[in-house]
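S.K.: fold the following for me, if possible:
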Amino acid sequence: MNDPRVTAYKALNRLAKWRTVFAGWQLGTRAATDPECQAVRDHREATIILRAESSALIGLLVKKDIFTAEEWSIAIGDEADRLDADYARKFPGFESSEEGLVIDPVRARETMKGWKP
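M.R.: Okay, the predicted model is just below:
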């Protein structure tokens, strides 16, 4: 008999292998020992696994009638709007739009003081 925990572990381990592709896409080819690449791979792995876990959790909650898919869509939209507003406050001179980021060069210049070139 298959243990669901082992099956899940193996599936997540296999899924996490994509971290290398994402790191290469972001940074280009790097040695496995490159610290920047290691950091990106670790971050990508966490994001990939979090996405699988959250999708599974939402699916279970909808199937068990804890909430509906429509309620989830409303909640996620509301949360995305709040986070978008928080980011705009954190980074004055930047705001998002349907087409991309809108940047006010004067305000953004002040925000970006001290950023790496």
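S.K.: Phe67 - how many residues pack around it?
M.R.: Close neighbours of Phe67, defined as other CB atoms under 10 Å, add up to 13. C-beta coordinates here come from the backbone N, C-alpha and C atoms, glycine included.
S.K.: how near is it to Ser55?
M.R.: When CB to CB, to the nearest Å is the yardstick, Phe67 and Ser55 sit 15 Å from each other.
S.K.: Ala31 against Arg41, yeah?
M.R.: No. Using CB atoms under 8 Å, Ala31 is not in contact with Arg41, being 11.9 Å away.
S.K.: between these two, which has more neighbouring residues?
M.R.: Remark: of Ala31 and Arg41, Arg41 carries more neighbours, 23 against 8, as counted by other CB under 10 Å.
S.K.: I'd like the next helix or strand past the host helix or strand of that one.
M.R.: In this structure, Arg41 is located in helix 35-63 according to DSSP states H and E. Where DSSP H and E defines the elements, the next helix or strand beyond helix 35-63 is helix 69-90.
S.K.: which element follows that following helix toward the C-terminus?
M.R.: Along the chain past helix 69-90, the next helix or strand (assigned with DSSP H and E) turns out to be strand 94-96.
S.K.: and that next one, which residues are buried?
M.R.: Along strand 94-96, these residues count as buried under the neighbour rule (16 or more other CB atoms under 10 Å): 94-95.
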